[in-house]
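**Student:** Give the three-dimensional model of this entry:
(2 chains)
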Amino acid sequence: MKKIKRKTLKEIFFYVRVVLLVVILLFPFLIMLSVSIKSTAETIAYPPTVIPKTWTFQHFIDIFDPGIFPYLKYFGNSLYIALTVSVLAVFLGILGGYALSKLKFKGKKGISEMFFLVYMFSGILLIVPLFRMLSAIGLKNSREAVIVCMIIQTLPTAIYMTRSYFDTIPKELEEAGRVDGLSKMGIIFRIIVPLSISGLISVFVYAFMIAWNDVLFASIFIDSPDMMTIPIGLNSLFNTPDYVWGRMMAASLVTSLPVVIMYGFSQRLIKGGRTDGGVKG
Amino acid sequence: MKSKKKKLGGNDTRFAYALLAPSLILLVLLIGYPMIYNIVISFQDVPINPRMASEFVGLDNFKAVFQDKSFYQSVFVTLIFTVLVTAVSTAFGLAIAVFMNREFVGKKLVNSIIILSYVVPAVCLIFAWRYMFNNIYGIINYIIVDVLKLADEVPLWFDQPASAFILVTIFAIWKFYPYAYMSFVAILQSVDKSLYEAADMDGATSWQKFLAVTYPAIKPTLVTVVSLRTIWVFYIYTEVYLLTKQVNVLGVYLYDMAFATHDFGKAAAISIVLFVVIFSLVMLIRKKVLRVEED
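**Tutor:** Below is the predicted model of the structure:
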(Lines give C-alpha, C1' and ligand atoms only; values in the text may rest on other atoms or scores of the structure.)
Protein backbone atom coordinates (compact mmCIF):
# COMPACT_ATOMS: atom_id res chain seq x y z
CA MET A 1 0.00 0.00 0.00
CA LYS A 2 2.67 2.43 1.01
CA LYS A 3 4.66 1.50 -2.02
CA ILE A 4 1.76 2.22 -4.35
CA LYS A 5 1.23 5.58 -2.74
CA ARG A 6 4.87 6.46 -3.20
CA LYS A 7 4.66 5.52 -6.82
CA THR A 8 1.60 7.71 -7.36
CA LEU A 9 3.32 10.61 -5.66
CA LYS A 10 6.30 10.13 -7.91
CA GLU A 11 4.01 10.16 -10.92
CA ILE A 12 2.31 13.34 -9.78
CA PHE A 13 5.67 14.95 -9.23
CA PHE A 14 6.68 13.95 -12.76
CA TYR A 15 3.61 15.56 -14.30
CA VAL A 16 4.06 18.69 -12.21
CA ARG A 17 7.52 19.05 -13.65
CA VAL A 18 6.21 18.49 -17.18
CA VAL A 19 3.58 21.18 -16.75
CA LEU A 20 6.13 23.58 -15.26
CA LEU A 21 8.48 22.99 -18.16
CA VAL A 22 5.73 23.55 -20.70
CA VAL A 23 4.60 26.79 -19.06
CA ILE A 24 8.11 28.22 -19.00
CA LEU A 25 8.90 27.22 -22.56
CA LEU A 26 5.55 28.41 -23.85
CA PHE A 27 5.54 31.69 -21.96
CA PRO A 28 6.86 33.90 -24.79
CA PHE A 29 4.32 32.37 -27.16
CA LEU A 30 1.51 32.97 -24.69
CA ILE A 31 2.60 36.61 -24.46
CA MET A 32 2.62 36.81 -28.26
CA LEU A 33 -0.89 35.42 -28.44
CA SER A 34 -2.16 37.57 -25.61
CA VAL A 35 -0.76 40.80 -27.08
CA SER A 36 -2.19 40.01 -30.49
CA ILE A 37 -5.73 39.97 -29.09
CA LYS A 38 -5.36 42.89 -26.66
CA SER A 39 -6.46 46.42 -27.38
CA THR A 40 -3.57 48.74 -28.23
CA ALA A 41 -4.05 50.68 -25.01
CA GLU A 42 -3.81 47.53 -22.95
CA THR A 43 -0.57 46.39 -24.65
CA ILE A 44 1.31 49.31 -23.11
CA ALA A 45 -0.53 49.45 -19.81
CA TYR A 46 1.20 48.83 -16.48
CA PRO A 47 0.90 46.44 -14.74
CA PRO A 48 0.86 44.18 -17.77
CA THR A 49 -1.84 41.54 -18.12
CA VAL A 50 -1.37 38.00 -19.39
CA ILE A 51 -5.05 37.30 -20.02
CA PRO A 52 -6.47 40.30 -21.89
CA LYS A 53 -9.29 42.23 -20.23
CA THR A 54 -10.84 43.08 -23.57
CA TRP A 55 -10.51 40.80 -26.54
CA THR A 56 -10.23 42.03 -30.10
CA PHE A 57 -9.32 40.52 -33.44
CA GLN A 58 -8.76 43.93 -34.98
CA HIS A 59 -4.97 43.44 -35.25
CA PHE A 60 -5.44 40.32 -37.35
CA ILE A 61 -7.82 42.21 -39.64
CA ASP A 62 -5.46 45.19 -39.79
CA ILE A 63 -2.37 43.31 -40.89
CA PHE A 64 -4.21 41.98 -43.95
CA ASP A 65 -5.28 45.46 -45.01
CA PRO A 66 -2.62 46.69 -47.48
CA GLY A 67 -3.83 50.26 -46.94
CA ILE A 68 -2.57 50.40 -43.36
CA PHE A 69 0.00 47.64 -43.01
CA PRO A 70 2.41 46.20 -45.60
CA TYR A 71 2.23 42.62 -44.34
CA LEU A 72 0.69 41.04 -47.45
CA LYS A 73 3.43 42.48 -49.65
CA TYR A 74 6.12 41.04 -47.36
CA PHE A 75 4.25 37.76 -47.26
CA GLY A 76 4.21 37.54 -51.06
CA ASN A 77 7.95 38.22 -51.28
CA SER A 78 8.77 35.66 -48.62
CA LEU A 79 6.55 33.07 -50.28
CA TYR A 80 8.12 33.67 -53.69
CA ILE A 81 11.64 33.29 -52.31
CA ALA A 82 10.92 30.31 -50.06
CA LEU A 83 8.96 28.38 -52.70
CA THR A 84 11.58 28.89 -55.41
CA VAL A 85 14.39 27.89 -53.08
CA SER A 86 12.67 24.77 -51.79
CA VAL A 87 11.57 23.53 -55.22
CA LEU A 88 15.09 23.95 -56.57
CA ALA A 89 16.66 22.41 -53.46
CA VAL A 90 14.43 19.35 -53.77
CA PHE A 91 15.18 19.00 -57.48
CA LEU A 92 18.94 19.34 -57.06
CA GLY A 93 18.72 17.13 -53.99
CA ILE A 94 17.08 14.35 -56.00
CA LEU A 95 19.80 14.43 -58.65
CA GLY A 96 22.74 14.75 -56.27
CA GLY A 97 21.28 12.46 -53.64
CA TYR A 98 20.69 9.73 -56.20
CA ALA A 99 24.25 9.94 -57.47
CA LEU A 100 25.71 9.75 -53.97
CA SER A 101 23.35 7.03 -52.80
CA LYS A 102 23.05 4.64 -55.71
CA LEU A 103 25.97 5.16 -58.03
CA LYS A 104 29.57 4.07 -57.67
CA PHE A 105 32.05 6.55 -59.07
CA LYS A 106 35.47 8.04 -58.62
CA GLY A 107 35.62 10.96 -56.23
CA LYS A 108 32.40 10.05 -54.45
CA LYS A 109 33.89 10.24 -51.00
CA GLY A 110 35.58 13.54 -51.74
CA ILE A 111 32.34 15.05 -52.98
CA SER A 112 30.32 13.93 -49.96
CA GLU A 113 32.95 15.36 -47.65
CA MET A 114 32.96 18.60 -49.60
CA PHE A 115 29.21 18.98 -49.20
CA PHE A 116 29.55 18.29 -45.52
CA LEU A 117 32.23 20.95 -45.11
CA VAL A 118 30.07 23.51 -46.91
CA TYR A 119 27.24 22.56 -44.58
CA MET A 120 29.34 23.59 -41.59
CA PHE A 121 30.56 26.83 -43.14
CA SER A 122 28.68 29.32 -45.25
CA GLY A 123 26.44 31.84 -43.57
CA ILE A 124 28.12 35.11 -42.81
CA LEU A 125 31.64 34.18 -43.93
CA LEU A 126 31.05 34.96 -47.57
CA ILE A 127 28.77 37.99 -47.41
CA VAL A 128 31.39 40.46 -48.63
CA PRO A 129 32.38 38.67 -51.86
CA LEU A 130 28.81 37.50 -52.52
CA PHE A 131 27.53 41.05 -52.14
CA ARG A 132 30.20 42.41 -54.49
CA MET A 133 29.68 39.64 -57.05
CA LEU A 134 25.91 39.73 -57.19
CA SER A 135 25.82 43.53 -57.16
CA ALA A 136 28.27 43.60 -60.06
CA ILE A 137 25.98 41.47 -62.21
CA GLY A 138 23.01 43.68 -61.41
CA LEU A 139 21.31 41.55 -58.78
CA LYS A 140 21.39 44.29 -56.16
CA ASN A 141 18.09 44.99 -54.45
CA SER A 142 16.50 41.88 -55.90
CA ARG A 143 14.78 38.83 -54.53
CA GLU A 144 16.72 36.68 -56.96
CA ALA A 145 19.99 37.45 -55.20
CA VAL A 146 18.46 36.13 -51.97
CA ILE A 147 17.22 33.03 -53.79
CA VAL A 148 20.66 32.29 -55.20
CA CYS A 149 22.26 32.58 -51.75
CA MET A 150 19.57 30.52 -50.04
CA ILE A 151 19.96 27.70 -52.55
CA ILE A 152 23.61 27.34 -51.74
CA GLN A 153 22.77 27.49 -48.03
CA THR A 154 20.26 24.64 -48.25
CA LEU A 155 21.83 22.50 -50.96
CA PRO A 156 24.30 20.46 -48.87
CA THR A 157 21.64 19.40 -46.38
CA ALA A 158 19.10 18.77 -49.14
CA ILE A 159 21.52 16.40 -50.87
CA TYR A 160 22.48 14.77 -47.59
CA MET A 161 18.83 14.20 -46.62
CA THR A 162 17.78 12.80 -49.99
CA ARG A 163 20.82 10.58 -50.05
CA SER A 164 20.03 8.99 -46.70
CA TYR A 165 16.43 8.58 -47.77
CA PHE A 166 17.36 6.94 -51.06
CA ASP A 167 19.66 4.61 -49.13
CA THR A 168 16.58 2.94 -47.64
CA ILE A 169 15.17 2.01 -51.06
CA PRO A 170 16.16 -1.53 -52.01
CA LYS A 171 18.19 -2.10 -55.16
CA GLU A 172 15.76 -4.72 -56.51
CA LEU A 173 13.23 -2.05 -57.32
CA GLU A 174 15.67 -0.30 -59.61
CA GLU A 175 16.56 -3.56 -61.29
CA ALA A 176 12.88 -4.26 -61.87
CA GLY A 177 12.62 -0.87 -63.53
CA ARG A 178 15.63 -1.60 -65.70
CA VAL A 179 14.04 -4.88 -66.81
CA ASP A 180 10.91 -2.96 -67.71
CA GLY A 181 13.04 -0.83 -70.01
CA LEU A 182 13.07 2.43 -68.07
CA SER A 183 15.86 4.89 -68.85
CA LYS A 184 18.25 6.01 -66.12
CA MET A 185 16.30 9.20 -65.59
CA GLY A 186 13.11 7.16 -65.77
CA ILE A 187 14.31 5.02 -62.88
CA ILE A 188 14.97 8.10 -60.77
CA PHE A 189 11.72 9.90 -61.47
CA ARG A 190 9.37 6.92 -61.98
CA ILE A 191 10.60 4.60 -59.23
CA ILE A 192 12.82 6.32 -56.69
CA VAL A 193 11.01 9.64 -56.44
CA PRO A 194 7.47 8.28 -55.97
CA LEU A 195 8.75 5.99 -53.23
CA SER A 196 10.49 8.84 -51.44
CA ILE A 197 7.70 11.38 -51.42
CA SER A 198 7.63 11.71 -47.64
CA GLY A 199 11.41 12.13 -47.50
CA LEU A 200 11.33 14.70 -50.29
CA ILE A 201 8.60 16.59 -48.48
CA SER A 202 10.84 16.91 -45.45
CA VAL A 203 13.63 18.24 -47.68
CA PHE A 204 11.15 20.74 -49.10
CA VAL A 205 10.05 21.77 -45.61
CA TYR A 206 13.64 22.11 -44.44
CA ALA A 207 14.59 24.39 -47.34
CA PHE A 208 11.38 26.35 -47.05
CA MET A 209 11.99 27.00 -43.36
CA ILE A 210 15.57 28.15 -43.89
CA ALA A 211 14.51 30.54 -46.64
CA TRP A 212 11.38 31.72 -44.84
CA ASN A 213 13.34 32.51 -41.66
CA ASP A 214 16.36 34.10 -43.35
CA VAL A 215 17.39 37.54 -42.17
CA LEU A 216 21.04 37.84 -43.18
CA PHE A 217 20.85 37.62 -46.97
CA ALA A 218 17.56 39.49 -47.24
CA SER A 219 19.00 42.37 -45.22
CA ILE A 220 22.08 42.55 -47.42
CA PHE A 221 20.39 42.34 -50.78
CA ILE A 222 17.06 44.06 -50.30
CA ASP A 223 16.70 47.79 -49.63
CA SER A 224 13.35 48.81 -51.05
CA PRO A 225 10.23 48.12 -48.94
CA ASP A 226 8.53 46.65 -52.04
CA MET A 227 10.88 43.71 -52.12
CA MET A 228 11.26 43.07 -48.40
CA THR A 229 10.59 39.66 -46.92
CA ILE A 230 8.58 39.26 -43.72
CA PRO A 231 11.53 39.14 -41.27
CA ILE A 232 13.35 42.22 -42.52
CA GLY A 233 10.13 44.02 -43.42
CA LEU A 234 8.62 43.68 -39.97
CA ASN A 235 11.93 44.47 -38.34
CA SER A 236 12.26 47.65 -40.39
CA LEU A 237 9.02 48.89 -38.85
CA PHE A 238 10.58 48.88 -35.37
CA ASN A 239 10.65 52.42 -33.98
CA THR A 240 8.22 53.71 -36.61
CA PRO A 241 4.62 54.73 -35.92
CA ASP A 242 3.55 51.55 -37.71
CA TYR A 243 5.11 49.51 -34.94
CA VAL A 244 1.90 48.64 -33.14
CA TRP A 245 2.56 45.77 -30.72
CA GLY A 246 -0.72 44.02 -31.44
CA ARG A 247 -0.07 44.04 -35.15
CA MET A 248 3.53 42.89 -34.78
CA MET A 249 2.43 39.95 -32.64
CA ALA A 250 -0.47 39.09 -34.92
CA ALA A 251 1.93 39.20 -37.87
CA SER A 252 4.43 37.05 -35.96
CA LEU A 253 1.81 34.41 -35.29
CA VAL A 254 0.63 34.36 -38.89
CA THR A 255 4.25 34.19 -40.06
CA SER A 256 5.03 31.26 -37.78
CA LEU A 257 1.96 29.29 -38.76
CA PRO A 258 3.08 27.99 -42.19
CA VAL A 259 6.43 26.71 -40.94
CA VAL A 260 5.02 25.20 -37.75
CA ILE A 261 2.28 23.39 -39.67
CA MET A 262 4.64 22.21 -42.39
CA TYR A 263 7.17 21.04 -39.84
CA GLY A 264 4.59 19.10 -37.82
CA PHE A 265 3.27 17.53 -41.01
CA SER A 266 6.70 16.44 -42.21
CA GLN A 267 7.58 14.95 -38.82
CA ARG A 268 4.43 12.87 -38.94
CA LEU A 269 5.25 11.66 -42.45
CA ILE A 270 8.73 10.57 -41.46
CA LYS A 271 7.44 8.46 -38.61
CA GLY A 272 4.92 6.70 -40.86
CA GLY A 273 5.64 5.72 -44.42
CA ARG A 274 9.17 5.00 -45.58
CA THR A 275 9.30 2.43 -48.30
CA ASP A 276 7.33 -0.33 -46.59
CA GLY A 277 4.79 -0.32 -49.42
CA GLY A 278 7.47 -0.80 -52.06
CA VAL A 279 8.74 -4.32 -51.62
CA LYS A 280 5.66 -6.39 -51.05
CA GLY A 281 6.09 -9.89 -52.48
CA MET B 1 31.55 -10.46 -68.23
CA LYS B 2 34.38 -8.60 -66.59
CA SER B 3 34.62 -5.99 -69.33
CA LYS B 4 30.87 -5.42 -69.21
CA LYS B 5 31.03 -4.70 -65.52
CA LYS B 6 33.87 -2.27 -66.07
CA LYS B 7 31.93 -0.49 -68.76
CA LEU B 8 28.94 -0.20 -66.47
CA GLY B 9 31.16 1.40 -63.86
CA GLY B 10 32.41 3.92 -66.39
CA ASN B 11 28.87 4.85 -67.33
CA ASP B 12 28.06 5.28 -63.68
CA THR B 13 30.82 7.82 -63.27
CA ARG B 14 29.68 9.90 -66.22
CA PHE B 15 26.04 9.72 -65.15
CA ALA B 16 26.89 10.54 -61.54
CA TYR B 17 28.81 13.66 -62.54
CA ALA B 18 26.02 14.68 -64.90
CA LEU B 19 23.59 14.48 -61.98
CA LEU B 20 25.93 16.31 -59.63
CA ALA B 21 26.95 18.92 -62.19
CA PRO B 22 24.34 21.59 -61.35
CA SER B 23 25.12 21.34 -57.64
CA LEU B 24 28.87 21.33 -58.17
CA ILE B 25 28.70 24.32 -60.52
CA LEU B 26 26.68 26.24 -57.94
CA LEU B 27 29.18 25.25 -55.28
CA VAL B 28 32.13 26.49 -57.33
CA LEU B 29 30.39 29.72 -58.35
CA LEU B 30 28.90 30.62 -54.97
CA ILE B 31 31.33 29.11 -52.48
CA GLY B 32 34.62 28.40 -54.24
CA TYR B 33 34.93 31.58 -56.25
CA PRO B 34 33.76 33.88 -53.44
CA MET B 35 36.32 32.32 -51.12
CA ILE B 36 39.14 33.28 -53.48
CA TYR B 37 37.58 36.66 -54.25
CA ASN B 38 37.36 37.29 -50.50
CA ILE B 39 41.12 36.87 -50.21
CA VAL B 40 41.61 39.34 -53.07
CA ILE B 41 39.33 41.90 -51.43
CA SER B 42 41.13 41.55 -48.12
CA PHE B 43 44.29 42.91 -49.75
CA GLN B 44 42.46 45.89 -51.20
CA ASP B 45 41.17 49.24 -50.17
CA VAL B 46 37.65 49.19 -51.58
CA PRO B 47 36.02 52.59 -52.17
CA ILE B 48 32.33 52.96 -51.38
CA ASN B 49 31.67 54.15 -54.91
CA PRO B 50 31.53 50.94 -56.98
CA ARG B 51 32.80 52.74 -60.08
CA MET B 52 36.10 53.61 -58.49
CA ALA B 53 38.81 50.99 -58.74
CA SER B 54 40.03 49.20 -55.64
CA GLU B 55 43.59 49.72 -54.62
CA PHE B 56 46.05 47.03 -53.54
CA VAL B 57 47.18 47.75 -49.99
CA GLY B 58 48.95 44.54 -49.00
CA LEU B 59 48.40 43.49 -45.42
CA ASP B 60 47.06 46.87 -44.27
CA ASN B 61 43.56 45.56 -43.65
CA PHE B 62 44.83 42.72 -41.50
CA LYS B 63 47.11 45.07 -39.59
CA ALA B 64 44.20 47.40 -39.00
CA VAL B 65 42.03 44.57 -37.75
CA PHE B 66 44.71 43.26 -35.41
CA GLN B 67 45.30 46.76 -34.05
CA ASP B 68 41.62 47.36 -33.50
CA LYS B 69 40.72 47.15 -29.84
CA SER B 70 37.11 46.31 -30.58
CA PHE B 71 38.26 43.27 -32.55
CA TYR B 72 39.80 41.72 -29.44
CA GLN B 73 36.80 42.68 -27.39
CA SER B 74 34.63 41.01 -30.02
CA VAL B 75 36.75 37.83 -29.97
CA PHE B 76 36.45 37.73 -26.19
CA VAL B 77 32.67 38.20 -26.20
CA THR B 78 32.28 35.63 -28.96
CA LEU B 79 34.31 33.00 -27.12
CA ILE B 80 32.37 33.33 -23.88
CA PHE B 81 29.09 33.45 -25.74
CA THR B 82 29.95 30.36 -27.81
CA VAL B 83 31.03 28.30 -24.81
CA LEU B 84 28.00 29.29 -22.74
CA VAL B 85 25.39 28.80 -25.43
CA THR B 86 26.85 25.53 -26.71
CA ALA B 87 27.30 24.00 -23.27
CA VAL B 88 23.99 25.05 -21.76
CA SER B 89 21.81 24.46 -24.81
CA THR B 90 23.30 20.98 -25.28
CA ALA B 91 23.01 20.10 -21.60
CA PHE B 92 19.46 21.42 -21.41
CA GLY B 93 18.39 19.58 -24.55
CA LEU B 94 19.95 16.38 -23.25
CA ALA B 95 18.39 16.78 -19.81
CA ILE B 96 14.92 17.20 -21.28
CA ALA B 97 15.45 14.28 -23.65
CA VAL B 98 16.44 12.05 -20.71
CA PHE B 99 13.58 13.38 -18.60
CA MET B 100 11.05 12.68 -21.36
CA ASN B 101 12.46 9.26 -22.22
CA ARG B 102 9.41 7.34 -20.98
CA GLU B 103 5.77 7.01 -21.90
CA PHE B 104 3.32 9.51 -20.48
CA VAL B 105 0.04 11.20 -21.30
CA GLY B 106 0.48 14.13 -23.67
CA LYS B 107 4.04 13.25 -24.68
CA LYS B 108 3.44 14.14 -28.33
CA LEU B 109 2.06 17.54 -27.43
CA VAL B 110 4.93 18.36 -25.08
CA ASN B 111 7.32 17.22 -27.79
CA SER B 112 5.83 19.68 -30.29
CA ILE B 113 5.94 22.50 -27.75
CA ILE B 114 9.62 21.89 -27.10
CA ILE B 115 10.46 22.16 -30.78
CA LEU B 116 8.49 25.40 -31.30
CA SER B 117 11.28 27.86 -30.54
CA TYR B 118 13.55 26.12 -33.03
CA VAL B 119 11.01 26.23 -35.85
CA VAL B 120 9.47 29.66 -35.42
CA PRO B 121 11.33 32.46 -37.26
CA ALA B 122 13.84 34.27 -35.04
CA VAL B 123 12.26 37.65 -35.79
CA CYS B 124 8.92 36.58 -34.35
CA LEU B 125 10.53 35.30 -31.16
CA ILE B 126 12.51 38.48 -30.84
CA PHE B 127 9.39 40.66 -31.01
CA ALA B 128 8.02 38.69 -28.06
CA TRP B 129 11.28 39.17 -26.13
CA ARG B 130 11.48 42.87 -26.88
CA TYR B 131 7.98 43.18 -25.55
CA MET B 132 8.52 41.03 -22.47
CA PHE B 133 11.71 42.86 -21.51
CA ASN B 134 10.42 46.34 -22.32
CA ASN B 135 11.74 48.90 -19.82
CA ILE B 136 8.40 50.52 -19.15
CA TYR B 137 5.62 47.96 -19.44
CA GLY B 138 7.53 44.68 -19.79
CA ILE B 139 6.13 41.74 -17.87
CA ILE B 140 9.56 40.49 -16.78
CA ASN B 141 10.29 43.72 -14.95
CA TYR B 142 6.84 43.56 -13.44
CA ILE B 143 7.44 40.04 -12.16
CA ILE B 144 10.91 40.84 -10.81
CA VAL B 145 10.06 44.15 -9.16
CA ASP B 146 6.39 44.03 -8.19
CA VAL B 147 5.46 40.36 -7.90
CA LEU B 148 8.54 38.62 -6.53
CA LYS B 149 10.10 41.83 -5.15
CA LEU B 150 13.56 40.53 -6.00
CA ALA B 151 14.89 43.98 -6.82
CA ASP B 152 13.86 47.60 -6.75
CA GLU B 153 15.28 48.36 -10.10
CA VAL B 154 16.01 46.33 -13.20
CA PRO B 155 18.54 47.08 -15.92
CA LEU B 156 17.62 48.62 -19.25
CA TRP B 157 17.87 45.14 -20.68
CA PHE B 158 18.73 45.90 -24.28
CA ASP B 159 20.82 49.00 -23.78
CA GLN B 160 23.60 47.91 -21.42
CA PRO B 161 26.30 45.50 -22.59
CA ALA B 162 26.13 43.22 -19.53
CA SER B 163 22.36 42.78 -19.36
CA ALA B 164 22.10 42.60 -23.15
CA PHE B 165 24.70 39.83 -23.13
CA ILE B 166 22.72 37.86 -20.55
CA LEU B 167 19.55 38.34 -22.55
CA VAL B 168 21.10 37.25 -25.84
CA THR B 169 22.67 34.22 -24.18
CA ILE B 170 19.38 33.07 -22.70
CA PHE B 171 17.63 33.74 -25.97
CA ALA B 172 20.14 31.71 -27.96
CA ILE B 173 19.94 28.82 -25.50
CA TRP B 174 16.16 28.84 -25.73
CA LYS B 175 16.32 29.02 -29.53
CA PHE B 176 18.89 26.24 -30.00
CA TYR B 177 18.33 23.65 -27.29
CA PRO B 178 15.61 21.85 -29.31
CA TYR B 179 18.26 20.87 -31.84
CA ALA B 180 20.16 19.01 -29.12
CA TYR B 181 16.92 17.62 -27.75
CA MET B 182 15.85 16.22 -31.12
CA SER B 183 19.27 14.71 -31.75
CA PHE B 184 19.25 12.89 -28.42
CA VAL B 185 15.62 11.73 -28.39
CA ALA B 186 16.13 9.37 -31.32
CA ILE B 187 19.27 7.85 -29.80
CA LEU B 188 17.76 7.42 -26.35
CA GLN B 189 14.84 5.47 -27.79
CA SER B 190 17.26 2.95 -29.23
CA VAL B 191 18.94 2.28 -25.88
CA ASP B 192 18.03 -1.16 -24.59
CA LYS B 193 15.57 -0.67 -21.73
CA SER B 194 16.75 -3.83 -19.98
CA LEU B 195 20.07 -2.11 -19.30
CA TYR B 196 18.24 0.43 -17.15
CA GLU B 197 16.32 -2.32 -15.41
CA ALA B 198 19.55 -4.14 -14.66
CA ALA B 199 21.01 -0.96 -13.23
CA ASP B 200 17.87 -0.47 -11.16
CA MET B 201 18.34 -3.93 -9.67
CA ASP B 202 21.86 -2.99 -8.73
CA GLY B 203 20.39 -0.02 -6.93
CA ALA B 204 21.98 2.59 -9.16
CA THR B 205 21.01 6.25 -8.75
CA SER B 206 19.76 8.26 -11.74
CA TRP B 207 23.17 9.83 -12.17
CA GLN B 208 24.93 6.46 -12.05
CA LYS B 209 22.48 5.11 -14.61
CA PHE B 210 23.20 8.09 -16.84
CA LEU B 211 26.96 7.53 -16.65
CA ALA B 212 26.83 3.76 -17.06
CA VAL B 213 24.07 3.31 -19.65
CA THR B 214 23.03 6.58 -21.28
CA TYR B 215 26.35 8.34 -21.73
CA PRO B 216 28.13 5.59 -23.73
CA ALA B 217 25.11 5.36 -26.04
CA ILE B 218 24.86 9.07 -26.75
CA LYS B 219 28.55 9.92 -26.85
CA PRO B 220 28.91 10.01 -30.66
CA THR B 221 25.80 12.16 -30.98
CA LEU B 222 27.08 14.41 -28.23
CA VAL B 223 30.31 14.99 -30.14
CA THR B 224 28.40 15.92 -33.29
CA VAL B 225 25.94 18.20 -31.55
CA VAL B 226 28.63 20.05 -29.60
CA SER B 227 30.88 20.41 -32.65
CA LEU B 228 28.23 21.72 -34.99
CA ARG B 229 26.72 24.02 -32.40
CA THR B 230 30.13 25.47 -31.53
CA ILE B 231 30.76 26.35 -35.15
CA TRP B 232 27.29 27.76 -35.74
CA VAL B 233 27.31 29.89 -32.61
CA PHE B 234 30.82 31.09 -33.35
CA TYR B 235 29.66 32.92 -36.47
CA ILE B 236 26.14 33.70 -35.28
CA TYR B 237 24.67 36.90 -36.58
CA THR B 238 20.89 37.04 -36.91
CA GLU B 239 19.73 36.35 -33.37
CA VAL B 240 22.23 38.71 -31.77
CA TYR B 241 21.79 41.53 -34.25
CA LEU B 242 18.02 41.53 -34.08
CA LEU B 243 17.88 41.50 -30.31
CA THR B 244 20.40 44.17 -29.34
CA LYS B 245 23.10 46.46 -30.65
CA GLN B 246 25.16 46.02 -27.48
CA VAL B 247 26.63 42.57 -27.99
CA ASN B 248 29.41 42.78 -30.53
CA VAL B 249 30.04 39.15 -31.50
CA LEU B 250 32.30 38.52 -34.50
CA GLY B 251 29.39 38.00 -36.89
CA VAL B 252 27.95 41.38 -35.97
CA TYR B 253 31.40 43.02 -36.02
CA LEU B 254 31.95 41.68 -39.54
CA TYR B 255 28.51 42.67 -40.77
CA ASP B 256 28.81 46.20 -39.43
CA MET B 257 32.27 46.60 -40.91
CA ALA B 258 30.86 45.71 -44.32
CA PHE B 259 27.46 47.33 -44.30
CA ALA B 260 27.59 50.08 -41.66
CA THR B 261 31.21 51.28 -41.90
CA HIS B 262 31.33 50.24 -45.56
CA ASP B 263 34.92 49.07 -45.28
CA PHE B 264 34.80 45.97 -47.45
CA GLY B 265 38.55 45.41 -47.35
CA LYS B 266 38.60 45.23 -43.59
CA ALA B 267 35.42 43.18 -43.51
CA ALA B 268 36.98 40.67 -45.90
CA ALA B 269 40.04 40.52 -43.66
CA ILE B 270 37.80 39.79 -40.66
CA SER B 271 36.00 37.03 -42.55
CA ILE B 272 39.34 35.45 -43.39
CA VAL B 273 40.39 35.46 -39.76
CA LEU B 274 37.02 33.98 -38.86
CA PHE B 275 37.35 31.49 -41.68
CA VAL B 276 40.76 30.31 -40.53
CA VAL B 277 39.50 29.75 -36.99
CA ILE B 278 36.40 27.87 -38.10
CA PHE B 279 38.34 25.89 -40.68
CA SER B 280 40.84 24.70 -38.07
CA LEU B 281 37.96 23.80 -35.80
CA VAL B 282 36.26 21.86 -38.57
CA MET B 283 39.45 20.04 -39.50
CA LEU B 284 40.00 19.15 -35.87
CA ILE B 285 36.59 17.56 -35.49
CA ARG B 286 35.94 16.49 -39.07
CA LYS B 287 37.01 12.88 -38.66
CA LYS B 288 34.88 12.36 -35.59
CA VAL B 289 31.78 14.06 -36.91
CA LEU B 290 32.02 12.55 -40.38
CA ARG B 291 32.27 9.09 -38.93
CA VAL B 292 29.13 9.68 -36.91
CA GLU B 293 27.28 11.18 -39.85
CA GLU B 294 28.08 8.19 -42.02
CA ASP B 295 26.82 5.60 -39.57
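
**Student:** Leaving out the residues flanking it, which one is nearest to residue 101?
**Tutor:** I'll assume chain A. Residue nearest to A:S101 in three dimensions, not counting chain neighbours: A:F166, with 3.8 Å by Cβ to Cβ, 6 or more residues apart in numbering or on different chains. Every C-beta, even on glycine, is put in place using the N, C-alpha and C of the backbone.

**Student:** look at chain B instead
**Tutor:** Using Cβ to Cβ, 6+ apart, the closest residue to B:N101 is B:L188 (4.6 Å).

**Student:** which strands and helices sit next to the helix or strand that contains the one you found?
**Tutor:** B:L188 belongs to helix B:161-189 when assigned by DSSP states H and E. Counting contacts by 3 or more Cβ pairs under 8 Å, 6 or more residues apart in numbering or on different chains; DSSP states H and E, helix B:161-189 packs against helix B:69-99, helix B:107-119, helix B:122-132, helix B:215-234, helix B:238-243.

**Student:** Now do the contacts for B:F81.
**Tutor:** Counting by Cβ atoms under 8 Å, 6 or more residues apart in numbering or on different chains, B:F81 touches B:165, B:168-169, B:172, B:233, B:236, B:247, B:249.

**Student:** Tell me the one of those nearest chain A?
**Tutor:** Of all the contacts of B:F81, B:I236 has the smallest distance to chain A: 8.3 Å, by Cβ to the nearest Cβ.

**Student:** For the stretch 151-295 of chain B, which residues are neighbours of chain A?
**Tutor:** Residues of the stretch 151-295 of chain B lying close to chain A by Cβ under 8 Å from any Cβ of the partner chain are B:174, B:228, B:231-232, B:235, B:237-238, B:241-242, B:251, B:254-255, B:258-259, B:264, B:267-268, B:271, B:274-275, B:278-279, B:282, B:286, B:290, B:293.

**Student:** how many neighbours does the residue nearest to B:N101 have?
**Tutor:** Neighbour count for B:L188, taken as other Cβ atoms under 10 Å in any protein chain shown: 17.

**Student:** Quick check: it touching B:V98?
**Tutor:** Yes - counting by Cβ atoms under 8 Å, B:L188 does reach B:V98; the two are 6.8 Å apart.

**Student:** Pull up the overlap in contacts between those two.
**Tutor:** Common neighbours of B:L188 and B:V98 (Cβ under 8 Å, 6+ apart) are B:T214.

**Student:** Quick check: pLDDT value at residue 157.
**Tutor:** I went with chain A, as the question did not name one. Confidence at A:T157, expressed as pLDDT, is 91.

**Student:** oops, chain B please
**Tutor:** Looking at B:W157, its pLDDT reads 85.

**Student:** Got phi/psi on it?
**Tutor:** Per-residue torsions, B:W157: phi -40, psi -50 (degrees, to the nearest 10).

**Student:** swap in B:E55?
**Tutor:** Taking degrees, to the nearest 10, you get phi -120, psi 140 for the backbone angles of B:E55.

**Student:** Point out the residues in the stretch 151-281 of chain A that sit beside chain B.
**Tutor:** Where the stretch 151-281 of chain A comes near chain B, counting by Cβ under 8 Å from any Cβ, the residues are A:151-152, A:155, A:159-160, A:184, A:209, A:212-213, A:215-216, A:220, A:230-231, A:234-235, A:238, A:245, A:248-249, A:252-253, A:255-256, A:259-260, A:263-264.

**Student:** In three-state terms, label the residue in the stretch 151-281 of chain A that chain B sits nearest to for me.
**Tutor:** Distances between the stretch 151-281 of chain A and chain B by Cβ to the nearest Cβ are smallest at A:S252, namely 3.6 Å. With DSSP: H, G, I helix; E, B strand; the rest coil as the basis, A:S252 sits in helix.

**Student:** What about it, how many residues nearby?
**Tutor:** 26.

**Student:** Where does pLDDT dip in chain B?
**Tutor:** Along chain B, the model assigns pLDDT under 70 to residues B:1-11, B:50, B:286-295.
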